[in-house]
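> coordinates for the following, if possible.
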Amino acid sequence: MKIHDYKYKAKRMRDGKVVKGKTEGPSKAIVDQFLFENGLRALEIEKYRSLYGQLSRVTLSSVVSERELIFYLKQMAALLKSGVKMNEACEILAAQQTNKNIRRILFSVYFNVNSGMTLSESMKEHPREFPKVLTSMIAVGESTGDLDEVLREAVDYFEKQYRLKSSIKSTLMLPVIYLVVAVFVAIFLMVGVLPQFESMYAGLGGDLPGVTVFFMNMGAFVRGNILYIIGVVILVIAVFLLVKKRSRRFQFFLGVVAIKLPLFGALVKLNNLSRISSTVAEMLKNHIPLQETLKNTYEVIDNKVYQELLIEARKNITQGDFMSKAFEHHYASEVVFNRMMHVGERSGELGKMMKSLSDFYDEDSEVKIERLKKALEPLLLIFIYALIVVMILAVMLPSLALSDQLM
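Model (predicted):
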């Protein structure tokens, strides 16, 4: 689907004022509809060529965020339930989207559906925007004729994942925020405050306290090598990201470190085991074969340790064994997870057991995250207070020493 840039002149329907602007779309008719959806009645629409517009259409990562995907699925389910045809629903949702990058994706879905493709096939054209879990669920809904119900289940699934991920991110941001504040305070004192004492003492011939000298030397080093420090930091980050992207061994190493971190390792386990259980439960509920279920679950998980466990689980199934054996006695798994999965496989109720596990982790996540926050806050406060006390001593001790010398 080719996207073009358009200039338009339109009348605002709420007050009759004529406005001009620029937008993009696959055709004049679609642009006209988009303007109407946003309260504008088009008077003139003219195609033009724009280098900036062409460059802005180049994206390096996914465009549709989790929140936007959930909202899109909710609207799609509501429209289909109310009797709107699939192609019309896709067109409505694309036309009302104000973000041009997302609108471009949704119009592509609409054109594919309008050309005879199914919704799942259309979404598969954009794998970065629509996860395999979603396209598999939608394909099942299309085959059973119960797509609106499957979409509602998909909304519930993605909302649970989004809530858990947001809670964990907010918890992990606490130490980052405290650390950034501490670093800025330390740099301000070392670079802006303490050097004044150095010039003062140089004139009086006094000796500075050791803690003050230490921070002064640190400040002098930062001032004299600031460009080198910034360059080294950028280089280290770039090398880290490059190695992380290219080396699977390094990714696996980072996964192991994340799991075994004090305090935070429990959150990493919780996040990954919860996502595995809820994804497997949702896939099996929609009668997707177990091999394909594990393949889709692999795509959902980022931690390479758990990806390797899922690969091992698929091998076990291929060999006629239980998938739960891959997780038994493994440091990345938990007893509850192992036992419930094992019982589900032996009883033929794996889907129900994984759903129970998913519900268990939903409840357990709130307790564990709240417990971690309560454990982190005093530790971080102690760290900040200790740094402030040391900094105050570094500033105050020279003043006290100076007053003694003057007396």
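
> going forward, measure contacts between C-alpha atoms and count neighbours the same way
Will do.

> which stretches in the stretch 1-150 of the chain count as helices?
28-37, 51-56, 66-81, 86-95, 100-114, 119-124, 132-144, 147-188 (DSSP state H, counting those that start in this stretch).

> I figured residue 293 hits residue 280, correct?
Yes. Here residue 293 reaches residue 280: they are 6.1 Å apart, a contact under Cα atoms under 8 Å.

> compare the two (neighbour count), which wins?
Between residue 293 and residue 280, residue 280 has the larger neighbour count (other Cα atoms under 10 Å), namely 27 against 21.

> report all helices and strands that whatever helix or strand residue 254 lives in contacts.
Using DSSP states H and E, residue 254 falls within helix 248-260. Applying 3 or more Cα pairs under 8 Å, 6 or more residues apart in numbering; DSSP states H and E, we find helix 248-260 packed against helix 226-246, helix 264-285, helix 304-318.

> possible to save the helices of the stretch 1-150 of the chain as TSV with mean neighbour count and mean pLDDT?
Shown next, in TSV, are these (neighbours: other Cα atoms under 10 Å; pLDDT from 0 to 100):
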stretch	mean neighbour count	mean pLDDT
helix 28-37	18	78
helix 51-56	11	56
helix 66-81	17	90
helix 86-95	20	86
helix 100-114	21	83
helix 119-124	21	90
helix 132-144	19	87
helix 147-188	16	83
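
> in TSV, list the ones you listed along with distance to residue 7.
Compiled in TSV, the helices of the stretch 1-150 of the chain are given as follows (distance: least, Cα to Cα, whole Å):
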stretch	distance to residue 7
helix 28-37	10
helix 51-56	12
helix 66-81	27
helix 86-95	17
helix 100-114	14
helix 119-124	29
helix 132-144	36
helix 147-188	36
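
> against which helices or strands is the helix or strand harbouring residue 364 packed?
Following DSSP H and E, one finds residue 364 within helix 350-406. Here helix 350-406 touches helix 147-188, helix 194-204, helix 210-224, helix 264-285, helix 335-347, going by 3+ Cα pairs under 8 Å, 6+ apart.

> wait, which of these is closest to residue 240?
helix 147-188 (18.4 Å; Cα to Cα).

> from residue 26, how far off is residue 127?
21 Å (Cα to Cα, to the nearest Å).

> the two: which has the busier surroundings?
The neighbour comparison of residue 127 against residue 26 (other Cα under 10 Å) goes to residue 26, with 17 against 12.

> which pLDDT value goes with the more buried one?
According to the prediction, residue 26 has pLDDT 73.

> quick one: it and residue 32 touch, right?
No. Using Cα under 8 Å as the test, residue 26 is too far from residue 32 to be in contact (10.9 Å).

> what comes up buried for stretch 323-334?
For stretch 323-334, burial by neighbour count (16 or more other Cα atoms under 10 Å) applies to 323, 324, 325, 326, 327, 328, 332, 333.

> burial count for the residue nearest to the second one when sequence neighbours are not counted?
Read it as residue 324. Of all residues not flanking residue 324 in the chain, residue 342 sits nearest, at 5.6 Å (Cα to Cα, 6 or more residues apart in numbering). By the criterion of other Cα under 10 Å, residue 342 has 20 neighbours.

> I'd guessed residue 342 sits against residue 327; true?
No. Contact between residue 342 and residue 327 fails when scored by Cα under 8 Å: they sit 9.8 Å apart.

> show residues contacting the helix holding residue 254.
243, 244, 245, 264, 265, 266, 268, 269, 303, 304, 305, 332 (Cα atoms under 8 Å, 6 or more residues apart in numbering).

> can I get the buried part of the residues you listed as one PyMOL selection?
Selection of buried members from these for PyMOL, criterion 16+ other Cα under 10 Å:
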select buried, resi 244+264+265+266+268+269+303+304+305+332
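
> pick out the most distant pair among the contacts of helix 248-260.
243 and 266 (25.8 Å).

> would you map out the domains in this structure?
Using automatic domain parsing, the domain ranges for the chain come out as 4-56, 66-159, 168-407.

> pick out the shakiest of those, pLDDT-wise.
domain 4-56 (a mean of 78).

> residue 315 versus the closest residue to residue 190 other than its chain neighbours, what's the distance?
Using Cα to Cα, 6+ apart and skipping the chain neighbours, the partner closest in space to residue 190 is residue 219 (4.5 Å). Taking Cα to Cα as the measure, residue 219 falls 57 Å from residue 315.
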